[in-house]
Every structure is written in C-alpha cells, then in structure tokens.
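In: fold the following and give me the result.
(one chain, ligands or ions: 1)
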Amino acid sequence: MSKKRIVLKIGTSNLSDGEKIQEGVIYKIAECVAHLRDKFHVILVSSGAVASGYTQLRLDKQVLAHKQALASIGQPLLLESYRKCFASFGILSAQILLSGHDFDSRKATQHARDTIEVLLEHNVIPILNENDAIATAELMFGDNDRLSAHIAYYLGAELLVILSDIDGYYDKDPHRFDDAKLIPFLDQIPQEKLQTSYDPYGNFATGGIVTKLIAADFLLQKGRAMFLCNGNQLGHLEDFLLRQIQKSGTLFGEFNG
Ligand code: ADP
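Out: Down below sits the predicted model:
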C-alpha cells in the first residue's frame with residue numbers, strides 16, 4: 001500500500017519559549033515523525049527562524065527589515081537543530097525555502113514539487129519555510145499557516161496538520177474564556193469567522209486563529225482536510241494518525257487515516 005502524504009506545520013509558539021528555541025521540542029517532533037513514517041510521507045513546514053535569530057542578536061522585531069535579518073541569522077541555526085534531532089533517529093532532512101508566489105506560478109511550483117518528490121522517494125524529510133529574507137507575506141501575516149495550506153494542496157497531501165499551543169478550535173478563545181468548548185469536527189467555516197481584526201498594537205485581536213481558519217477554509221474548498229492540535233501533546237497526534245483515536249484536536253473536513 002502506498003503511503004499517504006501529510007504536511008506538518010510547526011508554529012513559533014511551539015518552538016520558542018519567548019526567549020530561545022527549545023531543542024527538546026524539536027527532538028520530540030523528530031521522534032513523532034519517525035513514528036509517523038511507518039504510515040505516511042511527512043513534509044514539515046517550520047516557522048521559528050526569527051525567534052531563533054533573536055537568541056543571537058537583539059534587534060527590534062517590530063521593524064520588518066530587522067525581522068528579515070533575524071530570520072536570515074536564525075534559519076540556519078534552526079535547521080541545524082532539526083538536522084541533529086532527525087539524525088539521531090537515522091533520518092536525513094533537507095531545507096527548501098519558498099516565497100508565496102512559488103505556489104502561484106506553475107513553473108516554480110513544478111520545480112519545488114520535483115525536488116520534494118525526489119526527497120520523499122529517498123526517505124528524506126523536506127523542511128520548508130518562507131524565504132523570509134526576500135519574501136515577507138507570512139512574516140507579516142500568518143506565520144506560515146496559509147503557506148502550509150498551499151503546500152499541502154499543491155503537493156497532493158491529504159492532510160495538513162497544524163501544531164499550535166491550544167488543543168484545537170474552540171467556540172471562543174480558550175485563553176480568554178474558561179468555559180470555551182473544543183469543537184472536534186467542522187466541515188464548513190462560517191465566512192464571518194474569516195475576517196481578521198487587529199488590536200491597537202497591530203497584533204491579531206483573535207490570536208493567530210483566523211489564519212488557521214483561512215488555511216482550513218482553503219483546503220475544505222479543495223476537498224482536503226486539516227487537523228489543528230496541540231504541539232505539546234504529540235502523543236495525541238500519533239493516536240489520531242496511527243490508531244484513529246481522536247483524544248483532542250479539531251478535524252476540518254474528512255480524513256480516514
Ligand atoms: P501559533 O503560534 O501556534 O501558530 P497563534 O498564537 O498564532 O498560534 O494562534 C493560536 C491562538 O489563537 C490561541 O493560543 C488562542 O489564544 C487564540 N484563539 C482565539 N480564538 C480562538 C478559538 N476560537 N479557538 C482556539 N484558539 C483561539
């Protein structure tokens with residue numbers, strides 16, 4: 001039986017404690033991927049380059065060019081952590097840096113796709129990120145949520161997994177409301193939930209949940225699925241993907257492991 005393809009997106013909030021990149025988390029992700037590989041071809045999309053650069057040079061992250069400079073310092077450091085952690089499971093990893101329009105122009109998409117096909121064929125884990133030094137879309141908006149949805153679609157993945165700092169999608173923000181309830185399944189996203197609003201500091205008033213819903217909406221419209229779950233509970237992700245047991249997380253659309 002041929003393996004299904006999944007894209008696993010890791011957010012900055014999973015990797016950074018606000019000060020530094022937590023290599024222990026990267027190790028656990030590598031361990032989880034090592035287990036998932038029995039059944040799936042896994043493609044990673046990882047944020048965290050800016051946070052990683054910030055550990056080396058304290059530039060003001062509110063300035064876009066500073067963010068780009070931090071990303072260019074941090075990207076190789078981040079990938080070195082991934083390389084080491086994957087290597088301890090005997091897994092080779094590779095880096096691919098993209099800009100959003102690589103997935104709009106057919107030619108560039110095809111080149112990226114060809115590269116990734118070869119990597120997967122040879123059991124190498126591709127680790128994708130936006131090329132933040134020259135592209136800014138996801139740095140300013142979305143922390144790779146939308147990019148990972150496009151990647152999942154154009155690379156023929158059946159499922160996009162988004163790891164976050166929450167257990168899934170709730171009926172209201174769980175960090176603000178104690179009585180927020182987790183929604184385990186959703187096959188449609190109300191259009192009004194896709195509108196973004198900002199607080200007075202230019203941050204998302206709703207946390208990053210809107211970009212995740214936009215990603216889910218894009219995939220649902222293409223007949224694909226997305227699973228939003230907690231990056232601190234990778235055991236639950238393994239239960240879901242390897243044993244079809246959903247202990248937490250929100251499944252958007254349909255997915256039959
Ligand atoms: P990440 O950095 O993991 O990509 P974000 O911090 O950008 O995640 O987005 C997740 C945050 O969105 C949650 O921590 C939560 O505070 C906020 N949020 C707002 N509304 C909701 C909701 N309805 N369900 C889940 N999270 C929500």
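In: contacts and neighbour counts: CA atoms only from here.
Out: Will do.
In: tell me where the stretch 1-150 of the chain has helices.
Out: Chain-ordered helices for the stretch 1-150 of the chain, with DSSP state H, counting those that start in this stretch as the definition, fall at 12-15, 23-36, 49-54, 64-87, 106-121, 137-140, 145-154.
In: nearest to the ligand, of those helices?
Out: When the helices of the stretch 1-150 of the chain are ranked by proximity to the ligand, the top entry is helix 12-15, at 4.1 Å, counting by C-alpha to the nearest ligand atom.
In: circling back: looking at the helices of the stretch 1-150 of the chain, which has the lowest confidence?
Out: For those, the bottom mean pLDDT is recorded on helix 137-140, which sits at a mean of 71.
In: deepest-packed of the helices of the stretch 1-150 of the chain, please.
Out: Mean neighbour count, computed with mean count of other C-alpha atoms under 10 Å, is highest for helix 49-54 among the helices of the stretch 1-150 of the chain, reaching a mean of 26.
In: can you give the contact residues for that helix?
Out: Residues from elsewhere that reach helix 49-54, judged by C-alpha atoms under 8 Å, 6 or more residues apart in numbering: 12, 16, 18-21, 67-68, 70-75, 77-78.
In: nearest to residue 180, of the residues you listed?
Out: Comparing the contacts of helix 49-54 against residue 180 with C-alpha to C-alpha places residue 12 closest, at 23.5 Å.
In: thought the closest one was touching residue 26?
Out: No - between residue 12 and residue 26 there is no contact under C-alpha atoms under 8 Å: 11.5 Å.
In: overlap in contacts, the two.
Out: Common contacts of residue 12 and residue 26, defined by C-alpha under 8 Å, 6+ apart, are absent altogether.
In: tell me the residues on this structure that lie near the ligand, please.
Out: When proximity is defined by C-alpha under 6 Å from any ligand atom, the chain lies next to the ligand at 11-13, 164-166, 168-175, 206-209.
In: among these, which ones are buried?
Out: With burial judged by 16 or more other C-alpha atoms under 10 Å, the buried subset of the residues of the chain next to the ligand is 11-13, 164-166, 168-170, 173-174, 208-209.
In: lowest-confidence entry in the residues you listed?
Out: Out of those, that is residue 208, at 80.
In: how far away is that residue from residue 215?
Out: Here the criterion is C-alpha to C-alpha, to the nearest Å. By it, residue 208 lies 11 Å from residue 215.
In: same question, residue 187
Out: From residue 187 across to residue 215, the span is 13 Å (C-alpha to C-alpha).
In: got any ranges where the stretch 151-257 of the chain has weak pLDDT?
Out: Flagging of the stretch 151-257 of the chain using pLDDT under 70 yields the residue ranges 196-207.
In: picking up where we left off before, more crowded one of residue 187 and residue 215?
Out: Set residue 187 next to residue 215 and count neighbours by other C-alpha atoms under 10 Å: residue 215 wins out with 24 against 13.
In: in the host helix or strand of the more buried one, what counts as buried?
Out: Assigning secondary structure by DSSP states H and E places residue 215 in helix 209-221. Taking 16+ other C-alpha under 10 Å as the basis for neighbour counts, the residues of helix 209-221 that come out buried are 209-220.
In: right, and residue 69 touches residue 131 too?
Out: No - the pair residue 69 / residue 131 is not scored as a contact, 11.3 Å apart, by C-alpha under 8 Å.
In: overlap in contacts of those two?
Out: Residues touching both residue 69 and residue 131 by C-alpha under 8 Å, 6+ apart: none at all.
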